[in-house]
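Chemist: what's the 3D shape of this:
(chains A and B)
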There are 2 protein chains.
Amino acid sequence: MLLGVAGVEVKHDFCYLSNPHATDLFLKYFQKDFRNTENLRKLVELYPSQNRSLALKAGKAIGLPAKNIFVGNGATEIIQAVLQNFARKKILVPVPTFSPYLEFTQKEVSVVRHQLLKEKDFRLNTQAFLTQVKKEKPDAVVLISPNNPEGGHLSFAVLKKLLDSLKSVRTVIIDESFIHFTARKIESTSRLVLKYRNLVVLKSLSKDFGVAGLRLGYAAMSEKRVDELLARGYLWNVSGFGEYFLDLINKKEFLKEYEKARLLCIKERDEFFTVLSRIKGLKVYPSKANAFLLELTDGSKATGLVVRLLVKYGIYVRLCKDKVGLRGEFVRIASRSRRENNIMLKALVAISRGV
Amino acid sequence: MLLGVAGVEVKHDFCYLSNPHATDLFLKYFQKDFRNTENLRKLVELYPSQNRSLALKAGKAIGLPAKNIFVGNGATEIIQAVLQNFARKKILVPVPTFSPYLEFTQKEVSVVRHQLLKEKDFRLNTQAFLTQVKKEKPDAVVLISPNNPEGGHLSFAVLKKLLDSLKSVRTVIIDESFIHFTARKIESTSRLVLKYRNLVVLKSLSKDFGVAGLRLGYAAMSEKRVDELLARGYLWNVSGFGEYFLDLINKKEFLKEYEKARLLCIKERDEFFTVLSRIKGLKVYPSKANAFLLELTDGSKATGLVVRLLVKYGIYVRLCKDKVGLRGEFVRIASRSRRENNIMLKALVAISRGV
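Modeler: I've put the predicted structure just below:
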């Protein structure tokens, strides 16, 4: 709503989570590939490929058979499809988290929250989670790693152990939309869908590749579930521009350059954390995503910080007042390029000094 | 499947239904507006607007309040959303028609067909339709005008009269995806959603505007139904490129040029019909869409025609063997530019003469 205030201009959008270096890379390829109008015409005029063909492209990129892949018009569409088709009666969702997991179920499904504890840096306590599963007997559970808003990460080993304990749950959803930001080595659980038939692993391609405007994501799951989704829809759910991107992520040259952009983003995030943590009056929660949850520990109000950042510095951050399961004075800020992160740091330091 | 045959190259795609002049126009604007890389970056990097904001843009373009508009990622997504949310038990669908209407319902919904008669040029007999409604008591019915594959059109007056007789049906879906091809004056029923609470009017923007690659469509319906759909999904379901297009169709200058492209397409379609109708051994069904259903009346096989057109002329047309409710030797061909239509005419004439 602040965006509508007269005279306020957003110069730096730290609300929005995306790797800016990857966007640069995409634009470089796009402009080269579409200098020729005929190529652009095909993209605009023709129907893109249908879901099965897109799955072939996405599957090739991540090393999974196409029959186990559902391609979506952004992770949001996939969350909607997965929740509405595979969560039947009760779903257990750790909070705080990305709100569509609490909102997009069918009307009759009961949504039970598993509260992540602030005192434990919002890290999932697997034992407590399994105890609640035993008590509530949900037919679906959600595990988001790294989590949004705070970036808490569950390792591959922990997730695999959890899967072994969750065999009686009909649907286990792992959302690894932020996994490219975790570390040099990416330990995706997507291949585990070949072993665990109840597993659905979904991933946005917006954040890591910096292309939210294209609307693209995918989910890995059992062949039967892919068939079930495609039997009743999702025929042409990705645009020609989205399909072009799926072709790009199968190109060695692009991937080589992307890997540099990815590692740079991780490096800048870690540097950002180090300096952020030194600012007085702020608690910075450790994060393996490209964002940080900041808690104001000096008695000041999050709303005040959001307004000051915006009005005085043109910096837009995410107020977390509406986050279910999050009480206190919190804001979430993205990690962007080093240059922009430094602008944010200067502003926060100035505010913390009462300047 | 023929597309995979070695040595076969599609030079003219008459399978695909789209106004090529409108595509030219879109490309002209796109290239002008995105010469500046910063503009393109915004489109790619940022999340597009959410559905409510897109509805404001679409609503402005068609003269309806945003609260009555649901914007979709192509008409296919809208058909899926409308069928799965508003058809509860039984749906009545005139056939032959666009197949998603027969396939995208919830599993438990019974799909009853209303057979359109070949002898009557597949025109809907409203009395017969209403009789079947009375007998079957569906909670949802579909009316597609102009219809696909044959382009049969129901006038505004006929549709309005039907709506008066269908007040007891919970959901009446009118699909007017091809309405821009009907005539100089476009008589949309979308405004009637303000009067008939059971009405849902949906429209693709792919065909008339020649931008299938963008994936865009909208549906007009009661405010309550829009709320119902948006409460559980469809948050960011249109790409940045789709949103750019919604901005375009609110620009007077663009609309003025589009109107020329639209009328040219209608003119070429009518000229095409006149000459097509003279070819021996073919029955051409009258059409108000930008496509014609051709029936082979000389005892030859549709499959043979499809193969000959493709192998000898590089022309790709739609074989209609899989169309539910259509028996006989049929192919559907698009009407494209005059130049391409003439290539098709020459090929058909040569084939009809056994050359």
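Chemist: What strand or helix carries A:L25?
Modeler: Assigned by DSSP states H and E, A:L25 belongs to helix A:20-33.
Chemist: ugh, wrong one, A:A347
Modeler: helix A:338-352.
Chemist: circling back to that earlier point, what's downstream of the helix holding A:L25, the next helix or strand?
Modeler: Immediately after helix A:20-33, counting by DSSP H and E, sits helix A:37-45.
Chemist: and the angle from that next one to helix A:20-33?
Modeler: Helix A:37-45 runs at 120 degrees relative to helix A:20-33, counting by axes from the mean of the first three to the mean of the last three C-alpha atoms, to 10 degrees.
Chemist: With chain B in mind, check whether the following helix or strand past helix A:37-45 reaches it.
Modeler: Under the assignment DSSP H and E, the closest C-terminal helix or strand after helix A:37-45 is helix A:51-62. No: judged by C-beta under 8 Å from any C-beta of the partner chain, helix A:51-62 and chain B are separated, with a smallest distance of 10.6 Å. Every residue, glycine included, has its C-beta placed from N, CA and C.
Chemist: same thing with stretch A:237-256?
Modeler: Yes: Stretch A:237-256 reaches chain B (C-beta under 8 Å from any C-beta) through A:N237, A:V238, A:S239, A:G240, A:F241, A:G242.
Chemist: Name the SS class of the first one, please.
Modeler: Meaning A:N237. Classification of A:N237 by DSSP: H, G, I helix; E, B strand; the rest coil places it in coil.
Chemist: mind checking how far it is from B:I144?
Modeler: For A:N237, the distance to B:I144 (C-beta to C-beta, to the nearest Å) stands at 21 Å.
Chemist: now do the fourth one
Modeler: Distance of A:G240 to B:I144, given as C-beta to C-beta: 25 Å.
Chemist: Over to the second one?
Modeler: In this view, A:V238 and B:I144 are 25 Å apart by C-beta to C-beta.
Chemist: Those two - which one has more neighbours?
Modeler: In terms of neighbours (other C-beta atoms under 10 Å in any protein chain shown), A:V238 is the more surrounded of A:V238 and B:I144; the figures are 31 against 23.
Chemist: so who does that one touch?
Modeler: A:P48, A:N51, A:L54, A:V71, A:G72, A:N73, A:R215, A:L216, A:L246, B:R215 (C-beta atoms under 8 Å, 6 or more residues apart in numbering or on different chains).
Chemist: can you do 6 Å?
Modeler: A:V238 is in contact with A:P48, A:L54, A:V71, A:N73, counting by C-beta atoms under 6 Å, 6 or more residues apart in numbering or on different chains.
Chemist: Among those, which one has the most neighbours?
Modeler: A:V71 (30 neighbours).
Chemist: how does chain A divide into domains?
Modeler: Chain A breaks down by automatic domain parsing into domains covering A:2-17+A:254-352, A:45-251.
Chemist: Just name the most buried of these.
Modeler: Mean neighbour counts were compared across these using mean count of other C-beta atoms under 10 Å in any protein chain shown; the top stretch is domain A:45-251, at a mean of 20.
Chemist: Give me the distance from that domain to the chain's centre.
Modeler: Computed by C-alpha atoms, centre = their mean, to the nearest Å, the chain-centroid distance of domain A:45-251 equals 10 Å.
Chemist: Let me see the mean pLDDT of that domain.
Modeler: Computed over domain A:45-251, the mean pLDDT rounds to 97.
Chemist: Report the separation between the two terminal residues of that domain.
Modeler: 24 Å (C-alpha to C-alpha, to the nearest Å).
Chemist: what's the answer for stretch A:307-323, then?
Modeler: Per C-alpha to C-alpha, stretch A:307-323 runs 18 Å from first to last residue.
Chemist: now what about it, what contacts it?
Modeler: If you take C-beta under 6 Å, 6+ apart as the criterion, stretch A:307-323 is touched by A:2, A:8-15, A:96, A:302, A:306, A:326, A:330-333, A:347, A:351.
Chemist: near chain B too, which of those residues?
Modeler: Among these, no residue is within reach of chain B (C-beta under 6 Å from any C-beta of the partner chain).
Chemist: In helices only, show me those.
Modeler: Assigned to helices by DSSP state H, the following of those qualify: A:A302, A:V306, A:A347, A:I351.
Chemist: Could you dump those residues into CSV and include distance to A:R123 and pLDDT?
Modeler: Below are these laid out as CSV (distance: C-beta to C-beta, whole Å; pLDDT from 0 to 100):
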residue, distance to A:R123, pLDDT
A:A302, 22, 96
A:V306, 26, 95
A:A347, 29, 97
A:I351, 28, 94
